[in-house]
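>>> show me how the following folds:
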Amino acid sequence: MKVLVNLVMQERKAVLISILLGSIGGITAAGLFAMSGYIISEASLKPPLYVILILAACLKLFGIAKSVSRYFERVVSHEGTLRILSNIRMTFYDQLERLAPRIFTKYRSGDLLSRIVSDVESLQNFFLRVFYPPIVLAIVFIFTIFFTMFYSVWIALVILVSLILTAVVIPTLRTKRHEKVGQHKLEKRAALSTEMTEVLYGYRDLTISHTLHEQMDEVAAIADAYAEEQHKESKALIRDQALNAFVSMLTVASVLVIGAYFVTTGSLNGLYLAMLVLITLTVFDLAIPMALVPTFEKESDQAMTRLQMIEQEDFGKETDVGTFIKKQPFSIAFQDVSFRYEGQAEDTLQHIQFMALQGSRTAIVGASGSGKSTIFQLMLDLYNPTSGQIRIAGQPLEEIQSEDLWKKTTVLLQQNHFFYGTIRDNLRIAKPIATDEELDYVLKEMELDFDLNMQVLEHGENLSGGEKQRLALGRMWLKNTSVWLLDEPFSALDPATTKRLHHKLIQKTKGKTVVMISHRLQGLEQMDQILVVDEGRIAEVGTHADLIEQQGIYYHLKQIDEHVLQE
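Model prediction:
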C-alpha cells in the first residue's frame, strides 16, 4: 500500500486540486440543499419579496459552484489517474524488459499481458475511489458537523456516529469477506487471459488437428468461472452499498424525529428543521460509496502485489551490473559451464569448456537436442549458468550489462520477429539511419526480390521461412559489428542458396569473430575450430580435417549430411 501511495503522490498537484475541488463540490452541494430547505420554510412565513430573491440568488450561486467544481474535479482526478497508470505501466514494462527473456521460463505471456493491462487498470480505483474520496468526505463532514452544532449538538452527534458507522465500522467488518473474492477474481482473470493468448497463438495448429473445440470449451469454462467471481463481487458490493444506504436513511429519519422533538420543546426553531434534514440527506450521499473503499483498496493491493511479484523475482542476474570494458581481445570463454532449465531434473549442459579467440571462426555442431542452442543462449546472456563461468574479453559475463554486450555483437537467432510494417521498417531495426540504397543492396545480397515499401504482416505471416531467414540475415549485414553470433543461419534454405550465402558470409566476416551454431555441415572446412556437442557435453574439438581423420561423431554426421544432399 505504501508503494501505491508513493506512486499517487508523484501527481501531488492533481491530488491536491482534486481534494480541493471535491471538497468545494461537497460543501456547496450540502449548502445548496440546506438553503433549499431553509427557503421552503422561510417562504411559508411570507417574507418580503427581496428576501426570497436574495435567497434564490444565493441558491443559484451554490448550484453553479457545485456543478463547476464537480466537473473540474472529475477532469483533474481522471487526468491524474491516467498519468498515474501510465507511470505504473511504464515502470512495470521497464522491469519486464530487464528480466526478459529469463522471465518467460516462469511466467506465461498471457499472464504477463494480464498484469500489464488488467491489473494496472484495476489500480485506477485506488486514486478515484480509495485515496482522495475519504479525505473529501472527512472535510465535508467536518464542515457539516460544525455547522449543525450551531443549531443542535445532539443532531451533530447523530451525524457523527452515523458517519463512523458508514465510513469505518461497516466497511471494516465486510473487508475480510471481500478479500478472498477479489483474489479469486484476479486469478481467474489472469487464467482467462493466459489461455486465450495460447488459443490465439495456436489457432492454426488447433484447427488443423481438430482440437480447437476442446480448447475453446476449456477457455469457456474459465470464462464462466471468472464471470461467477465477478457476479459474487458485484452482489457483495451491492449488499454493502445497500447496508450503508439503510444506515444513511435511518440517520435522516433520526434527524427528522429528534429535530421535530426539539421543535416541540422549543430547543430548535422549526424554521431550520427542513434545512437540517436536507443537509443530512445530502452529505450521506457521499458516505454511501464508502462501503466500496475497503473492497477497492484490497483489489488494488492485490493487483499491486501481482505486479511487484515480477520485480521481486530472482533470476540470478543483478540488473545493476557493471559496464562492458574491453581491456583484452574479444574472446569468448566457457569455463566448466553447466546449465539446467528451471523445473528440469537433469542438466542440459555439463562441464562445457572452450574458447573462441578474437578474429577466429568457431562452429558448434551436433544432433538436434544436443545443447547447441543452449550454449548460444548462455553466450548471449539470456540465461545464467547453473555452475561455472563465462568470460567475454576476460571479463565475467555477470559483470557486463546485457544491452552493452548485444550492442557490440551481430546476432542471428533461430526465431526472429518481424513487425507489422514495411520491408524498410523491418530492416532499419538493425540500422535506423540506413539509406534506401543500402537497404536495396542488402536485399540484392540476400537474393530477395522485395520492394522496400512492401507490406509485412504481423509475425511476417506473408513471408516464407526462407524469406524470413534471409531478411534476418539482411539485418546482420546492416549491423555488421566485429563479432557475429549465428544460430542456424541457413536452416530454412535449400542447399544451393545455402552455399552461395555461406560464401558471402565468409567474405563478409573476414577478420571478425564468428561463432555459428549449425546442424548442417556445409562449408565448415573454413572454420578455425569445430565443437561437436553430444548429449550436453563437448565430445570432439578440432578443425574439419582433424575431425574427419578421427572418424568420430563429426565424421558420421558429415557422412549423413552428404548422403542427404545427394538425395
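
>>> low pLDDT regions in the stretch 101-250 of the chain?
For the stretch 101-250 of the chain, the stretches with pLDDT under 70 are 101-102, 104-105, 174-183.

>>> again but with the stretch 251-400 of the chain, I slipped
Along the stretch 251-400 of the chain, segments meeting pLDDT under 70 span 311-328.

>>> now the helices for it?
Listed in chain order, the helices of the stretch 251-400 of the chain (DSSP state H, counting those that start in this stretch) span 273-287, 293-311, 372-379.

>>> put together CSV for those, with mean neighbour count and distance to P495 on each row.
Any C-beta I mention is one placed from the backbone N, CA and C, and that applies to glycine too. Converted to CSV, those look like this (neighbours: other Cβ atoms under 10 Å; distance: least, Cβ to Cβ, whole Å):
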stretch, mean neighbour count, distance to P495
helix 273-287, 23, 77
helix 293-311, 20, 45
helix 372-379, 22, 20
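
>>> among these, which comes closest to F339?
Closest approach to F339 among the helices of the stretch 251-400 of the chain is made by helix 372-379 (6.1 Å; Cβ to Cβ).

>>> show me what that closest one is packed up against.
Secondary structure elements in contact with helix 372-379, counted by 3 or more Cβ pairs under 8 Å, 6 or more residues apart in numbering; DSSP states H and E, are strand 332-339, strand 349-356, strand 361-366, strand 483-487, strand 513-518.

>>> pull the CA atoms of the second one into CSV?
Coordinates of each C-alpha in strand 349-356 appear next as CSV, following Å, rounded to 0.1, in the frame of the first residue of the first chain:
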residue,chain,number,x,y,z
LEU,A,349,24.8,-28.8,-20.5
GLN,A,350,27.6,-30.5,-18.5
HIS,A,351,31.1,-29.1,-18.0
ILE,A,352,31.3,-27.1,-21.2
GLN,A,353,34.8,-25.7,-21.7
PHE,A,354,36.2,-23.9,-24.8
MET,A,355,37.5,-20.6,-26.0
ALA,A,356,36.7,-18.6,-29.2
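
>>> offset the numbering so it begins at 31, please.
Yep, numbering from 31; the last one is strand 379-386 now.

>>> which residues sit against it?
361-369, 392, 401, 404-405, 408, 418, 543, 545, 559, 561, 566-568, 571 (Cβ atoms under 8 Å, 6 or more residues apart in numbering).

>>> please type out the PyMOL selection for whichever of those residues turn out to be buried.
Buried residues within the contacts of strand 379-386, by 16 or more other Cβ atoms under 10 Å, are selected in PyMOL with:
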select buried, resi 361+362+363+364+367+368+369+392+401+404+405+408+418+543+545+559+561+566+567+568
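
>>> how close does the most centrally placed residue in the chain get to R119?
Nearest residue to the geometric centre of the chain (Cα atoms, centre = their mean): I146, 2.3 Å. Distance check for I146 against R119: by Cβ to Cβ, to the nearest Å, it reads 6 Å.

>>> identify the residues contacting the residue nearest to A86 when sequence neighbours are not counted.
Distance criterion Cβ to Cβ, 6 or more residues apart in numbering; nearest residue to A86, sequence neighbours excluded, is I69 at 7.1 Å. Residues in contact with I69 (Cβ under 8 Å, 6+ apart) are 82, 85-86, 89.

>>> count of neighbours near G296?
By the measure other Cβ atoms under 10 Å, the count of residues near G296 is 8.

>>> and the residue nearest to A86, which helix or strand is it part of?
helix 42-73 (DSSP states H and E).

>>> quick one, that helix and helix 303-317 angle?
For helix 42-73 against helix 303-317, the angle by axes from the mean of the first three to the mean of the last three Cα atoms, to 10 degrees is 160 degrees.

>>> next SSE after helix 42-73?
For helix 42-73, the following helix or strand on the C-terminal side (DSSP H and E) is helix 79-129.

>>> contacts for the helix or strand containing K529?
K529 is part of helix 525-538, with elements assigned from DSSP H and E. By Cβ under 8 Å, 6+ apart, the residues outside helix 525-538 that reach it are 475-477, 496, 500, 503, 507, 510, 519-520, 523, 550, 552-553, 556, 595.

>>> all set, thanks.
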